[in-house]
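# Task: produce atomic coordinates for the following.
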Amino acid sequence: MAPINTVNNEAFKEMIKTLDKRYEMPSRNYFSKVALPALYKQCREEIRKEIADLPFYATTTDLWSSRTMEPYMSLTIHYIDEDFEIKTRCLQTSFFPEDHTGEAIAQGLVEALASWDLQQERLVCITTDNGTNVVKAAALNQWTRLQCFGHRLHLAIDRKARTLIPTWQDTEVLESINQALQPLLEFTDALSSEKYVSISFVKPVLHLFSTSILKTTDDATTLTNTIKTKILTYLEEKYQDPETQELLDMASAVNPRFKMRYVNENRIAPIQARLISEMVAPANMEMGPTDPCGGTTGNAEDGPSGPKRRKTLGSFFKGSCGSTSPNQEQQTVASELQAYLQCASLDSENDPLDWWKEHGKLYPRVSKLAKKYLCIPATSSPSERVFSTGGNVVTCHRASLKPEHVDRLVFLAKNL
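The predicted structure is shown next:
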């Protein structure tokens, strides 16, 4: 985004005159005080309407300091819309002068969601780096947190391979290091995308690391095998906590490419039970309260104060015998899940969201869980990209921008 004072540049004015001699260039004050605030307000309102009734969403956050060492906190939102398209929005790049304690960050994140009327209960997961303060903030808010795969992989390489790096003269050793680390770069780039599903790949990628990419081989050098072993051991250790494992299993299960393929055998039954439980819960909420005979209650206007309606012939058959019992609902949900799990798996090169767009009506309850879990980013790269945009806004020539102007410009640059 070009600086506003570009409109005062004589060469720019000359170019505009060449394009259209009748056009009168507005002043710099017009753009800074009228045009940009109006555009920001319009864009913010459109996004507010877009995310107002989201049943599920995920977020990422990160902290950053500008060229003038002013601290900012970013927040991005990720969700899957009705057309099974994954969406990403930058909600804020807010000035954060408070101490970066877990308590302050937790409160700042809660206030950020509240400013957009987003319910915390619908937040599926927040993806962050491994900073102690951010980890504590997620814990204080009792939010499910996913550790950034990119950061974790970087730490695995840095901490476990750094002590093995030799001097530049040891070409054979350098080749061994390159042989061990080069394949990991592609995985980091692939899992950092915002345009397609990424979280359901984490469990398969870790499996691929252990069985192929980071597996020791006889033809590799001792140093190469040592690096591979240390990195793999570190990753397996950091992804062993039950909450993370369950989240990754759920995401993998609703991806038609993987389903239960990468879920441990002793975890298949619990994961299927949780899938069924979450599939039943929304259905019960949509049915609404029921009367003693098993039918749903009517509107308020049908009560004693409203006009009495004539019964239809069909109403005589709407008794307890025609209602769906909890056991029947459970069986229906279980049958839908089994039908989904037994259908042909999607090719690994195909987009799972395209598959769900086509098959969502066949498995309506499972498709809702797909929207819930597949929107979670595997890395916190979206927030880091916000700060890359912020670095392009707060340049050495615009180091005096006020924080509210930085937030506005970054917001427009990311969302327009």
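# Report the buried residues of the helix or strand containing His405.
Per DSSP states H and E: His405 is located in helix 403-415. Across helix 403-415, burial judged by 16 or more other Cβ atoms under 10 Å covers Pro403, His405, Val406, Asp407, Arg408, Leu409, Val410, Phe411, Leu412, Ala413, Lys414. C-beta here means a position set from N, CA and C on the backbone, and glycine is covered the same way.
# right, and the helix or strand after the worst-scoring helix or strand of the chain on mean pLDDT?
The helix or strand of the chain with the lowest confidence, counting by mean pLDDT, DSSP states H and E, is helix 171-191 at a mean of 71. Once the chain leaves helix 171-191, the next helix or strand it forms, by DSSP H and E, is helix 202-208.
# in that following helix, what counts as buried?
For helix 202-208, a neighbour-count test (16+ other Cβ under 10 Å) marks Val202, Lys203, Pro204, Val205, Leu206, Leu208 as buried.
# looking at this, Thr59 is in a helix?
No: going by DSSP: H, G, I helix; E, B strand; the rest coil, the assignment for Thr59 is strand, not a helix.
# Could you pull up the residues touching it?
Contact analysis of Thr59 by Cβ atoms under 8 Å, 6 or more residues apart in numbering lists Leu75, Thr76, Ile77, His78, Leu123, Cys125, Ile126, Thr127.
# Repeat that for Ala339.
Leu362, Tyr363.
# Ok, Tyr196 next?
Counting by Cβ under 8 Å, 6+ apart, Tyr196 has contacts Ile86, Asp351, Leu353.
# So which of these is surrounded by the most neighbours?
Leu353 (22 neighbours; other Cβ atoms under 10 Å).
# what about the residue nearest to it when sequence neighbours are not counted, neighbour count?
Nearest non-adjacent residue to Leu353, counting by Cβ to Cβ, 6 or more residues apart in numbering: Phe84, 4.5 Å away. The tally of other residues near Phe84 (other Cβ under 10 Å) stands at 19.
# wait, Phe84 sits on His359?
No: the criterion here is Cβ atoms under 8 Å, and Phe84 misses it with His359 at 10.0 Å.
# Alpha carbons only: can I get stretch 60-72 in CSV?
Extracted C-alpha coordinates of stretch 60-72, given in CSV (Å, rounded to 0.1, in the frame of the first residue of the first chain):
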residue,chain,number,x,y,z
THR,A,60,-4.3,-17.3,15.3
THR,A,61,-2.5,-14.7,17.2
ASP,A,62,1.1,-13.3,17.6
LEU,A,63,3.0,-10.4,19.1
TRP,A,64,5.2,-8.1,17.1
SER,A,65,7.2,-4.8,17.5
SER,A,66,7.3,-2.2,14.7
ARG,A,67,10.4,-0.3,13.6
THR,A,68,9.7,2.2,16.3
MET,A,69,9.5,-0.6,18.9
GLU,A,70,5.8,-0.1,19.4
PRO,A,71,4.2,-3.5,20.4
TYR,A,72,1.2,-4.9,18.5
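# Would you mark the buried spots in it?
Neighbour count says stretch 60-72 has Thr60, Thr61, Asp62, Leu63, Trp64, Ser66, Glu70, Pro71, Tyr72 buried, by 16+ other Cβ under 10 Å.
# Quick one: mean pLDDT over it.
Average pLDDT, stretch 60-72: 85.
# now swap in stretch 390-406 and tell me
Here the average pLDDT along stretch 390-406 is 80.
# just stretch 252-271 next, same as before
For stretch 252-271, mean pLDDT rounds to 95.
# Please state the offset of that stretch from the chain centre?
Offset of stretch 252-271 from its chain centre (Cα atoms, centre = their mean, to the nearest Å): 20 Å.
# same question, stretch 138-148
Worked out by Cα atoms, centre = their mean, stretch 138-148 lies 13 Å from the chain centre.
# for that stretch, which positions count as buried?
For stretch 138-148, the neighbour count (16+ other Cβ under 10 Å) marks Ala138, Asn141, Trp143, Thr144, Arg145, Leu146, Gln147, Cys148 as buried.
# hang on, the earlier thing: among the buried residues of helix 403-415, which one sits closest to Lys33?
For the buried residues of helix 403-415, the closest approach to Lys33 (Cβ to Cβ) belongs to His405, at 10.9 Å.
# Name the nearest residue to that closest one, ignoring sequence neighbours.
Spatial nearest neighbour of His405, excluding adjacent residues (Cβ to Cβ, 6+ apart): Ser32 at 8.0 Å.
# I'd like to know which elements the lengthiest helix in the chain is packed against.
In the chain, taking DSSP state H as the definition, the longest helix is helix 265-287. When contacts are defined as 3 or more Cβ pairs under 8 Å, 6 or more residues apart in numbering; DSSP states H and E, helix 265-287 packs onto helix 242-253, helix 326-342, helix 364-373.
# quick check: mean pLDDT across stretch 362-379?
95.
# Flag the shaky bits of this structure, pLDDT-wise.
Low-confidence segments of the chain (pLDDT under 70): 1, 159-174, 176-177, 180, 282-311, 313-325.
# what is the orientation angle of the host helix or strand of Ser74 with helix 364-373?
Assessed by DSSP H and E, Ser74 sits inside strand 71-80. Counting by axes from the mean of the first three to the mean of the last three Cα atoms, to 10 degrees, strand 71-80 points 160 degrees away from the direction of helix 364-373.
# still on that earlier bit, export the buried residues of stretch 138-148 as JSON lines, with columns for distance to Glu384.
As requested, those are exported to JSON lines (distance: Cβ to Cβ, whole Å):
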{"residue": "Ala138", "distance to Glu384": "17"}
{"residue": "Asn141", "distance to Glu384": "21"}
{"residue": "Trp143", "distance to Glu384": "20"}
{"residue": "Thr144", "distance to Glu384": "21"}
{"residue": "Arg145", "distance to Glu384": "17"}
{"residue": "Leu146", "distance to Glu384": "15"}
{"residue": "Gln147", "distance to Glu384": "14"}
{"residue": "Cys148", "distance to Glu384": "9"}
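# Using a markdown table, lay out those residues together with secondary structure and distance to Ser380.
What follows is the buried residues of stretch 138-148, written out as a markdown table (DSSP: H, G, I helix; E, B strand; the rest coil; distance: Cβ to Cβ, whole Å):
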| residue | secondary structure | distance to Ser380 |
| --- | --- | --- |
| Ala138 | helix | 12 |
| Asn141 | coil | 16 |
| Trp143 | coil | 14 |
| Thr144 | coil | 15 |
| Arg145 | strand | 11 |
| Leu146 | strand | 9 |
| Gln147 | strand | 9 |
| Cys148 | coil | 4 |
